[in-house]
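Enquirer: below: sequence and its predicted model.
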Amino acid sequence: MIKNILVFWVILSSSLHAFTLKEGFLKTLNNDPEVQVKENDLKKIKYDIDIANGLMYPTLDLRGSVNNSRTSTNSYTPKNGDLTSTDEYSLNLNQPLYDGFEASYEKQLQNNRYESAQYYLKEAQNALALTYTQNYISVLKTKDMMSLSSESYQMSEDIYNKTVRKVERGFGTKLEFERAKGNLEESSVNLAVDRLSFHDAVQSLYNHVQEKFDSTELVKPTFTYNLPHSEEEALSFALANHPSMLVSLKNVEVAMAEQKRDLKSFHPDVNLVGTYTLNDAAHKEKGVDVSNEYQVGIEIAYNLYNGGKDDASNKKSLQTIKEKKILIQKSNQEISNKLALAWNSYTLNAEKLERLQAFVKTRRLVLDTTFEEFDLGTKDLGSVIDAHLDYISTKRSMISTTYDLLLAHFRVLEAIGILSDEILKDKREEIWGKNKIDIDSVVKNNTDELVFSYNTLQNKELTKEEPLLEYLEEPVTSEPAKSDVASVTQKEENVTNLSFKEKFLQAPQEKYTINLATFLTQESSERFINENNITQDSFAFLFGEEEQFYKVMYGIFDTYEEAKKAKHNLRQELQKSGPRVERITIKQNLYKKYNEKE
C-alpha cells in the first residue's frame, strides 16, 4: 500500500510566481470571522487570568467625607441654629488570608480555559483548512473538466463535419446526420454546464480569500509527506493530537477546576482587616484636638445554612464533569469515523487511478482507430459516437479520481488534526519513519493527460464554427478556392522570415509547445538557450509581478502527439529541467499578461 501522501502536486515550473495553497490559506485565515472571534477569545481569557492572579492580593481603599449641618427649632426652614462643619477620612486595608482555595482554583480554571481556547482555535483552523482546500481543488478540477468538455466539443464537431461531407457525397443518411448533430449539441450543453461549475468553484474560493485571483496561477505542486503505515496507527496519532480531542480533554479539566473553586462555599473567609480614621482635620473646633482612630483585626465569615443551594450547585457541577467526559467519547467517535472515510477514499482512489490511467489510453486508441476506420468506410457513425462517448466518460472519470485522490490526502491530514499546520509550515519532515513509496508513480501520467486549453474559456465564450450546412440545404465543396491557396502560400512565405518569438506569438491556438525551463534572471535563461544550441527554436520571456522569472519555451507543434514525441527526444541535459507539453495559447496569454501591459 502506498504510504506517502501527495500534499502538494507536481510543482509546475510556471508556479514560481503563483497563487499557492499556502498563500490563499493565509488570506483565508485573515478573513474568516470564526477564526477572528476565537483569536479574540484568547485575548479576553488572558485578562481573566490577570483577574484571577489578583484575588489574593490586598485591597487598600481611601474614603473621605465633608459635611455642613444646621439645626433649626420652631421653623420649617433653616433660619436659626448653629452651622456645624465636619470632615472624616479613612484608610481601609483588607488582606485575604484564607478563601477556601477559591483563588488557587480560579487561576487553574482560567489557565485551563486558555489552553482549551487555543485548541478551539486550532480546531477551527483545521476545519477551515479542509473547506478551503476543497474549494481550491474544486477550481482545478472544474477547470480540467471544462477543458475536457472543450475537447469533447471539438471531437463532436469533427464528427459532425465528417458526417456532413459523407452525406454530401451520397454515402451518409439523414439518421447519421441527425445523430451527429445531436452529439454536437449534447457536447455544447456539457461544455456550458462545466463552464458554470467552474465559475461557481471560482466564486466559492473567492468567498474564502476575498480577493480577485487569476485561476491560471493556481498551483498543483508536489512534495511527499509520510502517512502512518496503517489506519490503526493514524487513529492512535489522531486521538492523541487532534485539536477536537484535546479540546474535549481540556474541557474536563476546566469543569473540574470550576467545581473545586465553587466548593469555597463550604469554607469560611478569613481576612486581615485594618482601618485608620481621621475626624475634623479641616473643621476642628477651637480648643479641641483632632481625633483619629485605628483598628486592626481578623474578620471571619462562614455561611452555616442557605437552604441547600450550595450542595445543589456542587451536584450540578459534578454532572457537568460527567457531561464533559461523555463528549470525549463523542470526539473519539467523530475522529474515528472521519479518519475511516478519509483513509478509504485515499486507498481506493489510489487503486482506481492506477487502473484508469491504463484504461484511458486504451479508450483513446479505440477512438483513434474507430475514426480511421470511419474515414475508410468500415465503421459506421454509431461506432464513432460510442467510442467518443466512452473515451470522454473514461477520461472524465480519471480527472475526477485524480482530484479525489488529491483531496483524500488532505482529508487524512485533517482527520489526523494537522492539516492547517502542514499548509502553513510546509513541513517536509518524516513523522512516521522512512518507509515510503513515491506516489508520483501513481499520478505520473496525469500531467500529460490533463494538458488542456482552458484559458480562453475563462475570459470569453468558446468560439464555435458554424455548422457546414443544415441537412442537404447548402452545397459543400471539398476543394479550397484558388484565392485561399494563394493566401496560404503568401502566409507561409511571411512566416519563414519571422523570428521564433514572432512565430510563437502568432501561432494558432490549437498548436502545442514545450515548457522547457524557468530561471531567476534573463542572463541565466539566455545562457541556457545558447549552451544547448536551441536559439532557432526557443525564446525566453518575463513573467511575474512581485517576484519575476524567465520562462523558456521550445518549439511549435501541430499535435499533442508530435510535441510529446519531441519532448521525449530532447537531449538528456534538457530533460533535467522537467519539460512539459502545453497548449501554446496558455503561454501566449501568459506572455501578453506580463509583457504587453497597457
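Expert: Arrived safely, thanks for sending.

Enquirer: what packs against the helix or strand where S149 lies?
Expert: Element membership of S149, judged by DSSP states H and E, is helix 102-168. Applying 3 or more CB pairs under 8 Å, 6 or more residues apart in numbering; DSSP states H and E, we find helix 102-168 packed against helix 21-31, helix 33-53, helix 174-209, helix 243-262, helix 381-416, helix 419-425, helix 455-459. C-beta here means a position set from N, CA and C on the backbone, and glycine is covered the same way.

Enquirer: the fifth one vs helix 174-209, what angle?
Expert: Right, helix 381-416. In terms of direction (axes from the mean of the first three to the mean of the last three CA atoms, to 10 degrees), helix 381-416 departs from helix 174-209 by 20 degrees.

Enquirer: show me what counts as buried in helix 381-416.
Expert: By neighbour count with 16 or more other CB atoms under 10 Å, helix 381-416 contains the buried residues 381, 384-385, 387-392, 394-396, 398-416.

Enquirer: picking up where we left off before, can I get the helices and strands packed on helix 102-168 in a markdown table with distance to F539 and mean pLDDT?
Expert: Formatted as a markdown table, the helices and strands packed on helix 102-168 follow (distance: least, CB to CB, whole Å; pLDDT from 0 to 100):
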| stretch | distance to F539 | mean pLDDT |
| --- | --- | --- |
| helix 21-31 | 29 | 88 |
| helix 33-53 | 46 | 92 |
| helix 174-209 | 31 | 90 |
| helix 243-262 | 51 | 92 |
| helix 381-416 | 32 | 88 |
| helix 419-425 | 36 | 77 |
| helix 455-459 | 20 | 29 |
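
Enquirer: can you redo those as JSON lines with distance to R580?
Expert: What follows is the helices and strands packed on helix 102-168, written out as JSON lines (distance: least, CB to CB, whole Å):
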{"stretch": "helix 21-31", "distance to R580": "20"}
{"stretch": "helix 33-53", "distance to R580": "37"}
{"stretch": "helix 174-209", "distance to R580": "22"}
{"stretch": "helix 243-262", "distance to R580": "39"}
{"stretch": "helix 381-416", "distance to R580": "16"}
{"stretch": "helix 419-425", "distance to R580": "25"}
{"stretch": "helix 455-459", "distance to R580": "15"}
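
Enquirer: and of those, who's closest to A129?
Expert: A129 lies closest to helix 419-425 among the helices and strands packed on helix 102-168, at 4.2 Å (CB to CB).

Enquirer: run the chain-centre distance for the closest one.
Expert: Computed by CA atoms, centre = their mean, to the nearest Å, the chain-centroid distance of helix 419-425 equals 10 Å.

Enquirer: name the residues of that helix that come out as buried.
Expert: L419, S420, E422, I423.

Enquirer: what separation is there between the third one and E573?
Expert: Going back to what we said before, that points to E422. Look at E422 and E573: by CB to CB, to the nearest Å, they are 35 Å apart.

Enquirer: picking up where we left off before, now the helix holding S149 and helix 243-262, what's the angle there?
Expert: 160 degrees.

Enquirer: quick one, helix 102-168 and helix 33-53 angle?
Expert: If you take the same axes, to 10 degrees, helix 102-168 sits at 170 degrees to helix 33-53.

Enquirer: gap between helix 102-168 and the chain center?
Expert: In terms of CA atoms, centre = their mean, the centre of helix 102-168 is found 7 Å from the chain centre.

Enquirer: so where is the protein shaky, pLDDT-wise?
Expert: Filtered on pLDDT under 70, the chain yields the residue ranges 1-18, 78-81, 221-226, 281-290, 425-496, 546-547, 597-598.

Enquirer: domain assignment for it?
Expert: With domains defined by automatic domain parsing, the chain comprises 4-45+110-249+331-459, 484-595.

Enquirer: out of those, deepest packed?
Expert: Comparing the domains of the chain by mean neighbour count (mean count of other CB atoms under 10 Å), domain 4-45+110-249+331-459 ranks first with a mean of 18.

Enquirer: if we can go back for a sec, dump the domains of the chain to JSON lines, plus distance to S75.
Expert: Formatted as JSON lines, those follow (distance: least, CB to CB, whole Å):
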{"stretch": "domain 4-45+110-249+331-459", "distance to S75": "59"}
{"stretch": "domain 484-595", "distance to S75": "88"}
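
Enquirer: ok, the top strand by length along the chain: who's next to it in the sheet?
Expert: If you go by DSSP state E, the chain has its longest strand at strand 83-98. Take DSSP bridges as the rule and strand 83-98 pairs in its sheet with strand 59-70 (antiparallel), strand 269-279 (antiparallel).

Enquirer: dump stretch 132-145 to CSV, keeping only the CA atoms.
Expert: C-alpha atoms of stretch 132-145 as CSV (Å, rounded to 0.1, in the frame of the first residue of the first chain):
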residue,chain,number,x,y,z
TYR,A,132,-10.6,26.0,1.8
THR,A,133,-8.6,23.1,0.3
GLN,A,134,-11.8,21.5,-1.1
ASN,A,135,-12.7,24.8,-2.9
TYR,A,136,-9.1,25.3,-4.1
ILE,A,137,-9.0,21.8,-5.6
SER,A,138,-12.5,22.3,-7.0
VAL,A,139,-11.3,25.2,-9.1
LEU,A,140,-8.5,23.0,-10.5
LYS,A,141,-10.9,20.1,-11.1
THR,A,142,-13.7,22.0,-12.8
LYS,A,143,-11.1,23.8,-14.9
ASP,A,144,-9.8,20.5,-16.2
MET,A,145,-13.4,19.2,-16.6
